[in-house]
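In: Here you go, sequence then predicted model.
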Amino acid sequence: MSKKKILVIHTGGTIAMSQDESSGAVVPVSENPLNPVHDILEQYAHIQVDNYLNLPSPHITPQLMLELAQKIKAELIEYHWDGVVVTHGTDTLEETAYMLDLLLDRDEPVVVTGAMRSSNELSADGPLNLVQSVRVAASEEAKGKGVLVVFNDEIHTAKNVTKTHTSNISTFQSPQYGPIGMTTKHGIYFHHTPIRRDHYEIKRLSKKVILLKAVAGMEADWVEQIADSDADGLVFEAFGQGNLPLSVLPAVEKIIRKGIPVVMVSRCFNGIVEGLYGYKGGGKQLKEMGVIFSNGLNGPKARLKLMVALELTTDREELQDIFLR
Ligand SMILES: NC(=O)C[C@H](N)C(=O)O
């Protein structure tokens, strides 16, 4: 079979950094440290490299994610790449991967990867992550599975993957469902297929969505400030199955009455939120109040989804429907 054509888009992160010998600090470098690996990549596919950005991922914004999605779509249409690999810092990697997943409706594999160790550290993980990502992007089996994250020999969906460790190279995990495949020296093995993908066509991101985490003893005015702000939406990481402290209920009610959607996810990293508990602040009461329940996304991803959804509708029922997908 002829070699596939893969576009590699670099955006920065530790995979594009080195440790400075005198200060010990890990810093971005101008010469891409992945350049020497490109000969190895050519064994698996025809590679075109695009040094698009060189940013640490805490500097990546939803606007940059949207522009990246638009760029990938345009590249796929114009140059017919068989697949795309994006290298990215790990801190916000899951957010970029999920935004790409929401905005791209293509069957060509799009794989996001990065590194936990910079290029000149012992056992740097970037080069192998990049090689395995190219192999996955060039594989027939990766088609139509949505945006994937390939890291430490595992293949995850953008929807479920999250960074779970500050430094370990096995940081990316999908807590609810596990990876959908693995890579080895010679093979690529998918063992699950995502059953549903949702996709949205938007041209801009103009809505301000705030993310709040519920904590014991939360004070009312933390939430009241949002009711009086110019926010377009609020995502609440609630307790357990979807419950909030008593103190914040009047402010949540005020926010909903003002027509600002409130989406609830759980601060637990497994499970979904449901209108189960009937006590004050319990999920049943919040549902009756008009809180929108999400489907197991974590807080940062639910925020991005609400930002995208609000470009299309502010109708509560439609938003609830979007968050059930
Ligand atoms: N491992 C990494 O890439 C972390 C880095 N702070 C970044 O996200 O840019």
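Out: Okay, I see it. None of the values given here were measured: they were computed from a predicted structure.

In: what's the span of stretch 75-89 from first residue to last?
Out: One end of stretch 75-89 to the other measures 22 Å (CA to CA, to the nearest Å).

In: I'd like the distance from that stretch to the chain centre, please.
Out: The chain centroid and the centroid of stretch 75-89 are separated by 17 Å under CA atoms, centre = their mean, to the nearest Å.

In: Spatially nearest residue to Glu154, not counting backbone neighbours?
Out: Pro179 (4.1 Å; CB to CB, 6 or more residues apart in numbering). The way it works is simple: take the backbone N, C-alpha and C, and place the C-beta from them, glycine included.

In: actually Ile155, not the one I typed
Out: Excluding the flanking residues, the one nearest Ile155 by CB to CB, 6+ apart is Gly181, at 3.7 Å.

In: Tell me the spacing between the one you found and Val111.
Out: 11 Å (CB to CB, to the nearest Å).

In: These two - which one has more neighbours?
Out: Using other CB atoms under 10 Å as the criterion, Gly181 and Val111 rank with Val111 on top: 30 against 23.

In: counting contacts, what elements does the helix or strand hosting that one pack onto?
Out: Here Val111 sits within strand 110-113, counting by DSSP states H and E. Contacts defined by 3 or more CB pairs under 8 Å, 6 or more residues apart in numbering; DSSP states H and E place strand 110-113 against strand 83-87, helix 93-103, helix 126-137, strand 148-151.

In: between those, which gets nearest to the ligand?
Out: Closest approach to the ligand among the helices and strands packed on strand 110-113 is made by helix 93-103 (7.0 Å; CB to the nearest ligand atom).

In: Quick check: buried residues in the closest one?
Out: Leu93, Glu94, Glu95, Thr96, Ala97, Tyr98, Met99, Leu100, Asp101, Leu102, Leu103 (16 or more other CB atoms under 10 Å).

In: Which strands and helices lie in contact with it?
Out: helix 62-79, strand 110-113, strand 148-151, strand 162-163, helix 299-310.

In: overlap in contacts of Gly181 and Val111?
Out: Listed as contacting both Gly181 and Val111 by CB atoms under 8 Å, 6 or more residues apart in numbering are Val136.

In: coming back round to it: can I get the buried residues of helix 93-103 in a markdown table including distance to Ala214 and pLDDT?
Out: Compiled in a markdown table, the buried residues of helix 93-103 are given as follows (distance: CB to CB, whole Å; pLDDT from 0 to 100):
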| residue | distance to Ala214 | pLDDT |
| --- | --- | --- |
| Leu93 | 25 | 98 |
| Glu94 | 21 | 98 |
| Glu95 | 21 | 98 |
| Thr96 | 26 | 99 |
| Ala97 | 26 | 99 |
| Tyr98 | 22 | 98 |
| Met99 | 25 | 98 |
| Leu100 | 29 | 98 |
| Asp101 | 27 | 98 |
| Leu102 | 25 | 98 |
| Leu103 | 29 | 98 |
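
In: how about CSV for those residues, with distance to Glu67 added?
Out: Output for the buried residues of helix 93-103, formatted as CSV (distance: CB to CB, whole Å):
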residue, distance to Glu67
Leu93, 17
Glu94, 18
Glu95, 14
Thr96, 11
Ala97, 15
Tyr98, 16
Met99, 10
Leu100, 11
Asp101, 16
Leu102, 14
Leu103, 10
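
In: List the residues that contact the residue in the chain positioned nearest to the ligand.
Out: Relative to the ligand, the nearest point of the chain is Gly89 (2.3 Å; CB to the nearest ligand atom). The contact partners of Gly89, by CB under 8 Å, 6+ apart, come to Thr11, Gly12, Gly13, Thr14, Ile15, Leu55, Pro56, Ser57, Pro58, Ile60, Gly114.

In: All set, thanks.
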